[in-house]
Each structure stands twice: as structure tokens, then as C-alpha cells.
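Engineer: Any chance you could fold what I've pasted below:
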Amino acid sequence: MVPQDRALRVRALLDAVRAEGRTALTAPEGKVIADAYGIAVPGEELARDTDEAVACAARFGGPVVMKIVSPDILHKTDAGGVVVGVEGASDVRAAFRKIVENAREYDRQARIEGVQVQELLPQGQEVIVGAVTDPTFGKVVAFGLGGVLVEVLRDVTFRLAPVNANEALSMLDSIRSAQILRGVRGARPVDRRAIAEQIHRVSELVADFPEIAEVDLNPVIATPEGAVAADIRVILAEQAPTKRRTHTREEILTSMRRLMQPSSIAVIGASNEQGKIGNAVLRNLIDGGFSGEIHPVNPKADDILGRKAYRSVTDIPGEVDVAVFAVPAPSVAPLLEEVGRKHIPNAVLIPSGFAESGQPELQDEIVAIGERHGIRLLGPNIYGYYSTWHDVCATFCTPYDVKGGVALTSQSGGIGMAILGFARTTKTGVSAIVGLGNKSDLDEDDLLTWFGEDPHTECIAMHLEDLKDGRAFVDAARATVPKKPVVVLKAGRTAAGAKAAGSHTGALAGDDAVYDDILKQAGVIRAPGLNEMLEYARALPVLPTPKGDNVVIITGAGGSGVLLSDAVTDNGLSLMEIPPDLDTSFRKFIPPFGAAGNPVDITGGEPPSTYEATIRLGLTDPRVHALVLGYWHTIVTPPMVFAELTARVVAEFRERGIEKPVVASLAGDVEVEEACQYLYERGVVAYPYTTEKPVAVLGAKYRWARAAGLLGGGFMT
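Structural biologist: Below is the predicted model of the structure:
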């Protein structure tokens with residue numbers, strides 16, 4: 001933290017800028033902040049006329065940089081307000097006059113306070129260090145190559161602010177051009193710790209002063225001797241962010257427990273009429289085998305589907321854990337008041353017709369009622385939810401009752417039904433399927449908090465279009481990932497957030513760029529598409545956790561081996577360099593026209609015994625940590641023969657305590673589909689007709705193991 005006296009200086013400066021009605025600080029004001037926070041900047045002075053400029057330049061004793069100082073000119077270069085490499089009294093005077101003239105021509109109303117005369121920095125690698133206020137994640141610090149390369153390459157990485165020294169250092173390795181900083185073609189490496197210190201101090205600044213919206217150090221000149229910011233730009237927010245209501249972890253778990261493990265459910269708007277949502281929800285609860293109490297609520301009926309109906313939830317005897325709403329949107333608010341009077345802790349709001357359809361006032365009203373009565377709201381505009389281990393099917397969609405370890409959530413009803421269809425087709429056992437819809441209250445961090453503790457859940461997969469509170473999500477993810485994988489499909493790869501940016505950093509902080517880095521920072525596995533999200537969720541609980549990085553490919557087809565090798569590289573995995581002794585052992589089972597090394601190519605005409613022997617060898621050797629199998633359909637070794645022998649060998653080793661992830665790609669006629677299903681059901685993740693998918697799944701398992709601290713590397717910090 002910055003010393004108290006310096007913090008007071010920054011506070012006084014920001015208050016003064018605010019009092020003038022400004023949001024952009026001038027360069028001299030930026031230097032005050034830089035000095036307070038130990039941000040390295042060159043020597044500089046403010047000259048108000050040509051004589052002062054000459055005197056300032058003389059004190060620096062060499063070439064200088066001259067820049068316009070105006071609270072009304074944010075982009076100095078665009079205004080012709082920067083001249084570099086000025087030396088000698090006559091040139092200084094000429095540059096001063098030209099800068100002022102250009103500034104007046106650029107904006108005749110601009111207030112001009114003078115010209116900044118700055119020490120010229122030595123040549124070095126230009127990088128950018130900055131911070132922005134992201135609407136989802138709040139204060140975010142950024143790093144990348146600077147100067148003109150910022151806009152050309154857009155090679156920037158982001159982290160939540162503040163960052164510590166190690167987190168700042170990790171950012172230097174996270175850009176595509178990281179090697180430049182280490183030195184290329186004989187160039188000496190830059191002072192990495194000096195750059196990291198600039199990142200760290202900027203992150204502290206924006207964390208200490210939330211009213212700072214953007215900070216831009218561009219360029220920072222990095223040399224082997226240090227890193228100095230040639231320019232600092234600071235922009236204040238126009239208004240304070242709206243604070244979101246938060247809940248403690250204990251409050252979340254208490255309400256979620258009653259939602260996901262209810263003893264009593266009321267269906268408001270229950271109906272005897274087929275085709276009505278209230279009929280479908282009630283029927284699903286009854287037919288789904290829910291063992292708790294089910295209470296239909298409808299003021300116009302005495303009996304619905306053989307159950308006593310109540311005119312109001314307030315008439316129901318005893319406690320109710322969940323109220324499921326199946327009534328039109330305009331009816332929700334008054335009925336939610338009754339739910340509040342009944343002290344029901346959870347309301348599942350299926351109806352649409354709220355903020356998503358241009359009726360935000362209706363949504364604001366129900367949120368206010370929920371807060372007033374302490375009701376947690378799921379929805380509105382959702383398909384409902386499934387909690388399979390408690391036989392809860394509170395939805396108007398098709399039922400699903402295959403119990404398992406995968407929890408699935410979605411903002412979209414259509415995506416929710418795709419999830420349901422996939423689960424049914426692949427026989428994926430689920431612990432829950434939850435629709436989030438408009439997320440008026442309950443959202444992903446609430447569900448993550450619950451599923452992280454739920455003993456029935458082994459893997460969590462979430463489709464999301466946005467996050468209401470990115471930091472709460474990151475906190476929940478960081479608490480969950482060490483225990484179980486979290487897979488996210490983030491829709492909307494746009495850069496809408498960059499449109500109104502006032503700095504280079506802000507312009508680079510597009511929505512998806514920030515999401516991508518910070519989801520990695522949280523240890524979350526980001527899926528590139530819907531199918532990948534579902535396949536990761538299905539496969540990760542099946543695969544054992546690897547104990548090292550050495551991956552070996554054993555294949556019956558050279559072509560598959562090449563494609564599998566490409567997939568290994570594409571997914572950030574490491575092909576093991578086969579030691580000579582292991583190479584000799586593999587060669588004992590490979591025909592002379594086969595190929596050892598990695599991939600191990602046993603060729604397609606080999607009998608089942610060759611497949612079995614090489615798989616056994618890979619599982620036996622402790623230096624091998626994961627196996628990728630490439631099978632080629634032949635009559636010599638039919639698909640089911642391959643599947644049965646592979647499953648048998650893997651099971652034998654697991655009984656002996658040797659558990660390694662094994663994935664398989666099966667190429668062949670349609671029989672390979674049955675063989676893949678057989679393998680999958682026995683702990684070998686196998687896919688027909690693809691070399692990419694099994695390796696992508698293995699890569700996802702490795703990414704989680706690293707994020708969970710089980711393989712080294714830990715979270716992307």
C-alpha cells in the first residue's frame with residue numbers, strides 16, 4: 001500500500017480535478033500520481049513559455065520530448081502536440097510554438113496550461129501497462145507490447161486488480177510475443193521485474209482509488225536496466241458503479257440447500273388442463289417421483305391431478321421450501337408478496353415477459369419484493385430446474401432422471417434443451433440441470449457455491465452470456481476448482497466494451513479478451529463451443545487425474561498418429577520423448593515396418609495381442625502419464641475386440657492402483673460407434689471418426705489438474 005501522506009496527496013488531487021468538472025488528468029497531474037505510487041517516469045517539467053522551455057531542456061542536458069499540457073486534449077499525438085528528440089535552444093523554441101499552434105488548431109476552445117518538457121528515454125522495447133474498469137469484473141490490469149504495436153497486434157493480457165509480484169510476472173509470459181522480452185537475435189532481455197513492478201503499482205493505484213476508470217502507461221520503455229513510463233494517462237469515472245446486493249456463503253448455501261433438496265414444493269398456477277405450463281410442471285413433479293409434499297395453488301380449483309389445491313400459498317399448512325411460478329408475468333408480483341408472507345425462501349420464476357421483452361419495471365418490482373421478504377429468485381424466463389438426486393423435475397420440459405455427477409446450467413432455454421438432449425443421447429448422469437434466464441437474483445456464483453459443496457456433483461458446466469458480478473464468480477470458481485472442474489461456455493465474442501474507451505488500454509479491453517484471461521485466472525476451463533462444453537462435462541469425471549505431463553500415442557495407423565500428434569500440440573500437451581530403454585521395449589512388439597518413437601505406430605495389420613502388449617507397456621512404465629490410442633478398423637482386430645481388450649487391461653491396472661487417463665480415437669466402419677460406447681462406459685474416453693475430440697478432452701483434464709494445483713503450475717495468475 002502507498003504511504004498515507006502520499007495517498008492523501010492523490011486524494012486531494014483527484015478531488016480537485018472532480019471539482020473542476022474534469023475526468024481526464026493532465027500530464028503533470030499524472031506525474032503527481034506516478035511519484036506517489038512509485039511508478040517510474042522520466043524527469044519532466046512544465047514550461048509556460050518558450051524561455052521556460054529552453055531552461056527546462058537545458059537542465060536535462062540532452063534531447064528532450066515536448067508535449068502539450070491541456071485538460072481538454074486527451075490524445076496529444078492526434079492533436080500534433082508531441083515532438084520527440086528536440087535539442088538546442090532554437091529548436092526548443094520552435095517546437096514550443098508549433099505544439100501550441102497545433103493544439104489551438106485542433107481545439108480552439110481548449111485550455112492550454114503549457115508544454116511538458118520531458119527527459120528523452122533511451123531506446124528499448126515498448127510495452128503498455130494499464131488498467132480499466134470492466135463492467136463485469138471491475139478493476140482489471142493489462143499488459144502487452146506498446147507503441148504502434150498495441151493497435152496492430154493487440155497482443156494484450158488481463159488480470160483482476162490488484163495483482164501481486166508473481167501475478168504481474170506471469171503476465172509477461174501470457175502474451176503471444178513473450179519471447180521478445182527474453183531477447184531475440186542477440187538482443188539482451190529486458191528487466192522483467194521492473195516491468196512487473198510497474199504492473200503491480202498500477203494495479204494497486206486503481207484498487208485504492210475506485211473512481212479511477214482508466215490508467216494508461218504507454219509506452220513503457222523496457223531495457224535491460226529498467227522500465228520507465230514515457231507517458232501516463234489517468235481518466236476518472238463519470239459516476240460511481242451501482243453496488244450489487246451480496247449474500248454470505250452461509251446464506252447462499254442455506255437457501256440453495258432448500259432449493260435443491262426441498263421437502264415441500266408449491267406450484268403457483270397449477271392446472272388440470274393439458275398444454276398449460278402449470279399442468280406440465282405439476283405432472284413432472286408427480287411423475288418424476290418427488291417424495292416430498294407437492295401443493296398445487298390455484299384459486300379456481302379444489303383438486304388438481306388428484307392433489308388438494310389451495311387458493312393461496314398462505315393457505316398451505318406447514319413450511320414450503322420452493323414456490324414454482326407458472327402464471328403470466330403481470331400476476332407474479334402480487335403472488336410473490338404472498339410467498340413472502342408465507343416465508344418461502346425460494347421462488348422459481350418460469351414466466352417470460354420481464355426485462356428480456358422490454359418490461360424492466362416488472363423485473364425491478366419482483367426483485368424489490370424478493371429483497372424485502374428474503375426470497376431468492378431463480379429466473380424469470382426459464383425452463384425450470386432438475387435436481388435428480390432428490391427426484392425434483394420442476395420444469396415444463398421433458399423429464400430427466402439419470403442420476404450422475406454432472407451439474408449443467410444455462411441462461412438460454414434453447415441451450416438448456418440441447419443440454420437435456422445431449423445428456424439423454426449420451427446417457428450422461430446429471431446431478432442437476434438449472435435454467436438461469438434473466439438472472440434477476442440467483443446466478444452462476446450462487447450455483448457454483450452450492451455445486452462446489454454438493455457431494456453428488458463431480459463436474460460443473462455452465463453456459464453463460466454474461467456475468468452480473470464477475471468478481472463474485474471468480475471467488476466462487478477459485479473455491480470450487482481445487483475440488484472439481486468448472487467448464488464454461490461464454491457466448492458473445494464481441495468487443496463492444498471498447499467503443500467508449502478513453503485510452504489505449506480501454507480500447508483493447510474488449511469483452512471477450514477480458515473474459516478469456518480472467519476465466520483462466522480463475523482456473524475455469526473455457527469451452528470453445530456447446531458440444532465441447534458438454535463433452536468436457538461428460539468426460540472429465542471419467543478420466544483419472546494425470547500425475548505428469550508425458551503423453552504417449554499408440555496407434556495402428558500412421559495418418560491417425562500424425563493428426564493425434566497435432567491435436568496434442570494444439571491442446572497444450574507434451575509428447576513424451578521416449579527414453580532408449582522404453583523405445584527398445586516398444587520395438588519388441590512392433591513389426592519391422594512399424595515405427596517406435598512417439599507416436600508408437602504398431603501398424604494396422606497387427607493382431608489384438610500387439611495392441612494389448614503396447615497398452616500394457618504404456619500403463620506399466622511410471623514415466624508415461626497418459627495414453628492416447630489410435631485404432632484402425634481391421635478384420636484382424638475388430639472394433640469390439642479392441643474395445644474389450646483395452647477396457648480389460650485398463651480395469652486390471654486400476655485395480656492395482658495404477659490410474660492413468662486413457663483416451664481413444666477409433667477410425668473405421670459403423671461398428672466403431674458401439675466400441676466407443678463400450679469403452680466410455682468403462683472409463684476410457686473414446687470417440688469415433690475424430691482425432692481431435694479425445695485429445696481436446698484430455699487437454700481439458702490437464703488444464704483442470706494444473707488449475708487445481710494437482711499437476712504443478714496452479715491457477716493462471
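Engineer: Tell me if Ser352 really is in a helix.
Structural biologist: No. Under DSSP: H, G, I helix; E, B strand; the rest coil, Ser352 falls outside any helix and is assigned coil.
Engineer: Phi, psi for it please.
Structural biologist: phi -100, psi 180 (degrees, to the nearest 10).
Engineer: Skip the chain neighbours and tell me the closest residue to it.
Structural biologist: Asn381 (4.3 Å; C-beta to C-beta, 6 or more residues apart in numbering). Where C-beta positions appear, they are placed from N, C-alpha and C, glycine not excepted.
Engineer: Same check on Ala36?
Structural biologist: Nearest to Ala36 is Arg6, by C-beta to C-beta, 6+ apart, at 3.9 Å.
Engineer: And the residue nearest to Ser352, how close does it get to Gln123?
Structural biologist: 57 Å (C-beta to C-beta, to the nearest Å).
Engineer: Between those two, which has more neighbouring residues?
Structural biologist: Asn381 (24 against 8; other C-beta atoms under 10 Å).
Engineer: Could you give the average pLDDT over the helix or strand harbouring Arg372?
Structural biologist: Element membership of Arg372, judged by DSSP states H and E, is helix 360-373. Averaging pLDDT along helix 360-373 yields 97.
Engineer: So what touches it?
Structural biologist: For helix 360-373, the external contacting residues (C-beta atoms under 8 Å, 6 or more residues apart in numbering) are 245, 329-330, 332-333, 336-337, 339-341, 343, 347, 349, 353-355, 375-377, 380, 438, 440-441.
Engineer: what ranges do the strands span in the stretch 301-450 of the chain?
Structural biologist: Under the criterion DSSP state E, counting those that start in this stretch, the stretch 301-450 of the chain carries strands at the ranges 303-304, 307-308, 322-325, 346-349, 376-378, 384-387, 392-395, 403-410, 430-435.
Engineer: closest to Met462 out of those strands?
Structural biologist: With C-beta to C-beta, the closest approach to Met462 among the strands of the stretch 301-450 of the chain belongs to strand 403-410: 4.7 Å.
Engineer: is it possible to export the strands of the stretch 301-450 of the chain to CSV including mean neighbour count and distance to Thr23?
Structural biologist: As requested, the strands of the stretch 301-450 of the chain are arranged in CSV below (neighbours: other C-beta atoms under 10 Å; distance: least, C-beta to C-beta, whole Å):
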stretch, mean neighbour count, distance to Thr23
strand 303-304, 17, 59
strand 307-308, 14, 61
strand 322-325, 28, 44
strand 346-349, 28, 39
strand 376-378, 25, 36
strand 384-387, 26, 44
strand 392-395, 26, 48
strand 403-410, 24, 39
strand 430-435, 26, 40
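Engineer: Could you dump those strands into a markdown table and include distance to Tyr37 and mean pLDDT?
Structural biologist: Shown next, in a markdown table, are the strands of the stretch 301-450 of the chain (distance: least, C-beta to C-beta, whole Å; pLDDT from 0 to 100):
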| stretch | distance to Tyr37 | mean pLDDT |
| --- | --- | --- |
| strand 303-304 | 66 | 97 |
| strand 307-308 | 66 | 96 |
| strand 322-325 | 50 | 98 |
| strand 346-349 | 46 | 98 |
| strand 376-378 | 41 | 98 |
| strand 384-387 | 48 | 97 |
| strand 392-395 | 52 | 98 |
| strand 403-410 | 41 | 96 |
| strand 430-435 | 44 | 96 |
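Engineer: what's the closest of the ones you listed to Asp601?
Structural biologist: strand 403-410 (35.4 Å).
Engineer: so what does that closest one touch, helix or strand wise?
Structural biologist: helix 413-426, strand 430-435, helix 444-453, strand 459-464, helix 530-539 (3 or more C-beta pairs under 8 Å, 6 or more residues apart in numbering; DSSP states H and E).
Engineer: To Leu160, which of the ones you listed lies closest?
Structural biologist: helix 444-453 (14.4 Å).
Engineer: That closest one: how far from the chain's middle?
Structural biologist: 15 Å (C-alpha atoms, centre = their mean, to the nearest Å).
Engineer: Could you say which helix or strand holds Lys520?
Structural biologist: Using DSSP H and E, the element containing Lys520 is helix 511-521.
Engineer: Could you list the buried residues of that helix?
Structural biologist: The neighbour-count check on helix 511-521 (16 or more other C-beta atoms under 10 Å) flags Asp511, Ala513, Val514, Tyr515, Asp516, Asp517, Ile518, Leu519, Lys520, Gln521 as buried.
Engineer: what do you get for stretch 479-489?
Structural biologist: For stretch 479-489, the neighbour count (16+ other C-beta under 10 Å) marks Thr480, Val481, Lys484, Pro485, Val486, Val487, Val488, Leu489 as buried.
Engineer: Show the secondary-structure elements that the one helix or strand the residue nearest to Ala36 maps to is packed against.
Structural biologist: Taking DSSP H and E as the definition, Arg6 sits inside helix 4-19. With contacts defined as 3+ C-beta pairs under 8 Å, 6+ apart, helix 4-19 has these neighbours: helix 27-37, helix 192-208, strand 232-236.
Engineer: pLDDT weak spots in the stretch 151-300 of the chain?
Structural biologist: Applying pLDDT under 70 to the stretch 151-300 of the chain flags residues 151-153.
Engineer: same check, this time on the chain
Structural biologist: 1-3, 147-153, 493-511, 712-717.
Engineer: Centroid-nearest residue for it?
Structural biologist: The centre of the chain sits closest to Leu519, judged by C-alpha atoms, centre = their mean, with a distance of 2.1 Å.
Engineer: For it, give me its contacts.
Structural biologist: Leu519 touches Ala477, Val488, Lys490, Arg526, counting by C-beta under 8 Å, 6+ apart.
Engineer: switch the cut-off to 10 Å
Structural biologist: By C-beta atoms under 10 Å, 6 or more residues apart in numbering, the residues touching Leu519 are Phe137, Leu467, Gly470, Phe473, Val474, Ala477, Val486, Val488, Lys490, Ile525, Arg526, Met716.
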